[in-house]
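Novice: here's a sequence, model it:
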Amino acid sequence: MEPMNWVCRFLPLLLVFFISSFPSTFAAYDSSSLHPLAVDSVLLHQNFTAISEFRILNRRKLEKCSDSHPGLRINVSSNPRLSDDEFVTVTVTGVSSPSDSDWVAMISPSHSNVNSCLSSGVYYLQTGDTSALPLLCHYPVKAQYMKNDPNYLSCKNKNASSCSGSLKFHVINIRTDIEFMFFSGGFVKPCILTRSGPLSFANPNKPLHGHLSSIDSTGTSMRLTWVSGDKEPQQVQYDNGKTVTSNVTTFTQADMCRSPLLNSPAKDFGWHDPGYIHSAVMTGLKTSTISYRYGSNSVGWSEQVQFTPPPAGGSDELSFVAFGDMGKTPLDNSTEHYIQPGALSVIRAISKDVDSKKVDSVFHIGDISYATGFLVEWDYFLNLIKPVASRASYMTAIGNHERDYDSSGSVYITPDSGGECGVPYEAYFPMPTAGKDKPWYSIEQGSVHFTVISTEHDWSENSEQYQWMKKDMVSVNRKNTPWLVFIGHRPMYTSSKGLFSADSNFLKAVEPLLLQNKVDLVLFGHVHNYERTCSIYTKQCAAMPTKDGNGVDTYDHRNYSAPVHVVIGMGGFTLDSFPKRVPNWSLVRISKYGYLRASATKQEIKLEFVNSGTGAVEDSFRITK
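Specialist: Just a heads-up that it's a prediction; the model follows:
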């Protein structure tokens, strides 16, 4: 067992022993605030619930509000029933003394327990948190400080002897009733002042969030997956009269992981009912625009959507985009459990490429929604990517924030999935994989063979996945698909240090396969920036690119020497900087949000790093045969 894994697994036990041995030490601290051990335990908080006032909200002791105006009210301006996607205005009136610590939370389901549930305190020791735990037995979906209304603190919206303020919240159909609650005391010492009462969605069974994926290399079949509150099979109507019925699945709280001692967020306060996940395969497609809708007469239908299937494997041209580590950005001013600030700009930029027919398929290579055990985040992520994923083949690879958890069988024993252990990921994004919890697959589109692996599952030389990789890559017909692109989440090469440094064991085990099978391009995420290498093997440059007539770096693979590696984890998560000193194999480094855009023929692949904020191409290179 590696030292890092030992610490992650057994530190909670050591904390329990330490607390029981020295109770007076901990009694000295205010029970409403976090013990310094929690604040300083960077190792345990990294990539999990992290450290922010809101994201450790339910690790606070619920206080009693000392003063409340008798006329205090909270009202929501909306239709009698909530629509599938809208902005609602939440207005608080009757406030006697506006404070910058006043805030409003959106809770779902509306009957969520907002009492203290201190008996669950031991569950949170896995995060290093030793305070009086927790506040809410169910985690708020999102929250905003009232001071987001510029007139609130100055009491410009005064009515009689009291003040008021208004906030806008982006609400999507998450099937369960919601409620807005007004707190004071900030996120550190919160107390409940009043609540709105439950609000229902007009159609909680509505079919939503349809997204496409390829199931094989023919280009004639595509899978559509969507979410509904209805467990009965629904249909996809497509291509002028064809119909196919959905298979229906779901997952429950019991399916979520826990460590031997402790519950996870997914199994406890972060749980939200996912409804039902529908999936259906459209067959007999032609390389032309296909129109479809999904749903049923009993629960309603989606809007009509159009897409073009990606070209079949063995054909010539393919245009695709790739990125990792996206997550989601709120469309309002809310604080949420896990915010990825660049996600919105990236998905909007890619959507423009889809509009202009520049994208046949999308590869999102790990760290998909960053729900990390807070299950409602998946709905918001699916809503975010809909403009792209409903119109282009949206292929994914699993990352640490989808899979890793203690005692779950993942290579890295970290709490990064928050207890999801890949279950929601595989339900929402069914790929053409080898089987349940075997999330590796290959697919051919145009002139490219894509080998997609899981860096979170065993990749050692005796593993099932390693044998599959070996068999898959050696079987590629390079006359049919001359380009071999290898995709995973954690990189083999990165100039970033610390927690994001590359795993030498992974490099040692898998890199020889890349060279043996003459892999052209290797794409990884995990590190939140963009970095391109020379043609590299065993940490040495086997060849350098040359400039073409337009000054573009060109890798000549007619005289193949080694793969080109590119880290593309700049899809949304807060960006990582680069060290001052970098290895000589690192040719290009960019710490900006964006995505990789590629255009492949049988003679060359042209690749560009597109800055999602400006649309500018910040790096471009070619690989030629």
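Novice: Phe258 against Gly373, yeah?
Specialist: No Phe there; residue 258 is Arg. No - applying Cβ atoms under 8 Å as the test, Arg258 and Gly373 come out as separate, 10.6 Å apart. The C-beta positions use only the backbone N, C-alpha and C, and glycine is treated the same way.
Novice: now do stretch 310-317: distance to the chain's middle.
Specialist: 29 Å (Cα atoms, centre = their mean, to the nearest Å).
Novice: okay, and the common contacts of Arg258 and Gly373?
Specialist: Ser264, Lys267, Gly419 (Cβ atoms under 8 Å, 6 or more residues apart in numbering).
Novice: quick check, nearest of those residues to Glu464?
Specialist: Relative to Glu464, the closest of those is Gly419; by Cβ to Cβ it sits at 24.3 Å.
Novice: from Ala266, how far off is the closest one?
Specialist: Noted for Gly419: a distance of 3 Å to Ala266, by Cβ to Cβ, to the nearest Å.
Novice: same check, this time on Ile290
Specialist: On the measure of Cβ to Cβ, Ile290 and Ala266 end up 36 Å apart.
Novice: over to Asn240?
Specialist: 42 Å.
Novice: so between the two, which is more surrounded?
Specialist: Ala266 (28 against 7; other Cβ atoms under 10 Å).
Novice: wait, doesn't the more buried one sit right on Val376?
Specialist: No - between Ala266 and Val376 there is no contact under Cβ under 8 Å: 11.4 Å.
Novice: please, which helix or strand holds the residue most central in space within the chain?
Specialist: In the chain, the C-alpha nearest the mean C-alpha coordinate belongs to Ser369, at 1.7 Å (Cα atoms, centre = their mean). Using DSSP states H and E, Ser369 sits in no helix or strand.
Novice: tell me the phi and psi of Glu511?
Specialist: Phi and psi for Glu511, reported as degrees, to the nearest 10, are phi -60, psi -40.
Novice: try Gln467
Specialist: Torsion angles, degrees, to the nearest 10, at Gln467: phi -60, psi -40.
Novice: in the protein, which spans are helices?
Specialist: Taking DSSP state H to define them, one finds helices in the chain at 3-21, 23-27, 36-40, 42-45, 343-355, 376-389, 400-403, 423-428, 464-474, 504-516.
Novice: weakest of those helices in terms of mean pLDDT?
Specialist: Of all the helices of the chain, the minimum mean pLDDT falls on helix 23-27 (a mean of 29).
Novice: distance check, Thr218 against Gly210.
Specialist: Thr218 is 21 Å from Gly210, by Cβ to Cβ.
Novice: and for Ser345?
Specialist: Distance from Ser345 to Gly210, by Cβ to Cβ: 23 Å.
Novice: over to Arg293?
Specialist: 9 Å.
Novice: same thing with Ile368?
Specialist: Ile368 is 17 Å from Gly210, by Cβ to Cβ.
Novice: kindly report the same for Phe363.
Specialist: Distance from Phe363 to Gly210, by Cβ to Cβ: 19 Å.
Novice: redo the shared contacts of Arg258 and Gly373 as TSV? Include pLDDT.
Specialist: Shown next, in TSV, are these (pLDDT from 0 to 100):
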residue	pLDDT
Ser264	83
Lys267	87
Gly419	92
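Novice: same drill for Ile368 and Gly210, tell me which one is more crowded.
Specialist: Ile368 (27 against 24).
Novice: what about the nearest residue to Cys191 once chain neighbours are set aside, neighbour count?
Specialist: Distance criterion Cβ to Cβ, 6 or more residues apart in numbering; nearest residue to Cys191, sequence neighbours excluded, is Cys65 at 3.9 Å. Neighbours of Cys65 under the rule other Cβ under 10 Å: 15.
Novice: and for the one 5 residues further on?
Specialist: The tally of other residues near Pro70 (other Cβ under 10 Å) stands at 7.
Novice: next: the one 10 residues further on.
Specialist: Burial of Pro80, expressed as a neighbour count using other Cβ under 10 Å, amounts to 7.
Novice: quick check: it vs Val104, distance?
Specialist: 21 Å.
Novice: what does Glu317 give?
Specialist: Glu317 is 51 Å from Val104, by Cβ to Cβ.
Novice: which of these two has more neighbours?
Specialist: Val104 (27 against 12).
Novice: who's that one bridged to?
Specialist: Gln144, Phe182 (DSSP bridges).
Novice: thought Val92 was touching it, still the case?
Specialist: Yes - here Val104 reaches Val92: they are 6.8 Å apart, a contact under Cβ under 8 Å.
Novice: quick one: residues contacting Leu507.
Specialist: Contacts of Leu507 by Cβ under 8 Å, 6+ apart are Met492, Tyr493.
Novice: list residues touching both of Arg293 and Gly210?
Specialist: Counting by Cβ under 8 Å, 6+ apart, the residues touching both Arg293 and Gly210 are Ser302, Val305.
Novice: show me where pLDDT drops low in this protein?
Specialist: 1-64, 67-69, 111-138, 499 (pLDDT under 70).
Novice: nearest spatial neighbour of Thr538, skipping sequence neighbours?
Specialist: Nearest to Thr538 is Glu511, by Cβ to Cβ, 6+ apart, at 7.1 Å.
Novice: and the nearest residue to Asp406 once chain neighbours are set aside, how close does it get to Asn240?
Specialist: Closest residue in space to Asp406, ignoring its immediate chain neighbours: Ser259 at 4.2 Å, by Cβ to Cβ, 6+ apart. Separation of Ser259 from Asn240 (Cβ to Cβ): 52 Å.
Novice: how about Lys386?
Specialist: 23 Å.
Novice: thank you kindly, that will do.
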